[in-house]
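Participant: Return atomic coordinates for the entry below.
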Amino acid sequence: MAHKNTTVVGHPLVQHKLSIMRDISTPTAKFRQLLREISLLLAYEVCSDLETEQVDIKTPLETAKMPKLEGKKLCFISILRAGNGLLDGMLDLVPSARVGHVGLYRDPKTLIPIEYYLKLPDQLEERLSIVVDPMLATGNSAAAAVQRIKDAGAKRIKFVCLLAAPEGLEAFSEQHPDVPIITAAVDRELNDHAYILPGLGDAGDRMYGTK
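Facilitator: Here you go, the predicted model:
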């Protein structure tokens, strides 16, 4: 069962594309294309409550007040490397967004996230930060990345993933109850190697054709 701060995007197009991505026979190029397409639909959901303000717009016929996004441009922050697959599609929808990166890898024995890269836009405290990573498995890496982003000044954060495990949702929400999670699916459980079941394998490897 999803945590109370979790939104599962059940749109038929999202679920259809996700099912194709799960298929072991789906090739790298198709997997990458589908991830980009799903990220557009997830971005539509995560941006549904952005604040707007009324501004004067001169149309070919008259001047009228129309809504435009208010405040500082939002920020997409990718957890490397697999997060870039979601990032690219979201930038198609919001090309003016600022972009940050957090580099983390999971120690294969302890499963503890280790940071190796951090580059974030300025004035995070005035922006909505949308953190993206395809898989929320143990939740350790995502929670660590969000904590670094908070340490850098971010006040408003959302987390977007393709798949989540119940264990990851619980661990992440325990550390960051103020951060909403938007995902395409909550799967059954983690296996002994902390892979999501039924899942889709390693998102980064399938996206880039590596092992």
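
Participant: what's the longest helix in the protein?
Facilitator: helix 28-46 (DSSP state H).

Participant: Just confirm residue 44 contacts residue 90, I think it does.
Facilitator: No. Taking C-beta atoms under 8 Å as the definition, residue 44 is not a contact partner of residue 90, at 9.5 Å. C-beta: built from backbone N, CA, C; applies to glycine.

Participant: could you pull out the helices for this protein?
Facilitator: Defined through DSSP H, the helices belonging to the chain, from first to last, are 12-22, 28-46, 83-93, 140-151, 166-175, 203-208.

Participant: And residue 174, how close does it get to residue 106?
Facilitator: 18 Å (C-beta to C-beta, to the nearest Å).

Participant: Next: residue 51.
Facilitator: Computed as C-beta to C-beta, the residue 51 to residue 106 distance reads 36 Å.

Participant: more neighbours, the two?
Facilitator: For residue 51 against residue 106, the residue with the higher neighbour count under other C-beta atoms under 10 Å is residue 106, and the figures read 16 against 9.

Participant: which residues does the more buried one contact?
Facilitator: 112, 113, 114, 138, 140, 141, 194 (C-beta atoms under 8 Å, 6 or more residues apart in numbering).

Participant: hmm, back to that, does anything pack onto the longest helix of the chain? Which helices or strands?
Facilitator: Judged by 3 or more C-beta pairs under 8 Å, 6 or more residues apart in numbering; DSSP states H and E, helix 28-46 is in contact with helix 12-22, helix 83-93, strand 128-132, strand 156-164, strand 181-186, helix 203-208.

Participant: would TSV of the ones you listed with distance to residue 28 be doable?
Facilitator: Supplementary listing: the helices and strands packed on helix 28-46 in TSV, determined by distance: least, C-beta to C-beta, whole Å:
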stretch	distance to residue 28
helix 12-22	11
helix 83-93	11
strand 128-132	20
strand 156-164	16
strand 181-186	20
helix 203-208	7
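
Participant: of all these, which lies closest to residue 5?
Facilitator: Set against residue 5 and scored by C-beta to C-beta, the helices and strands packed on helix 28-46 come closest in strand 181-186, at 6.1 Å.

Participant: in the chain, what residue sits furthest out from the centroid?
Facilitator: For the chain, the largest distance from the centre (C-alpha atoms, centre = their mean) belongs to residue 61, which lies 40.6 Å off.

Participant: how close does that one sit to residue 126?
Facilitator: Distance of residue 61 to residue 126, given as C-beta to C-beta: 36 Å.

Participant: Where does the prediction get shaky in this structure?
Facilitator: By pLDDT under 70, the weakly predicted segments of the chain are 1-3, 111.

Participant: same thing but 50
Facilitator: Low-confidence regions of the chain, defined here as pLDDT under 50, cover residues 1.
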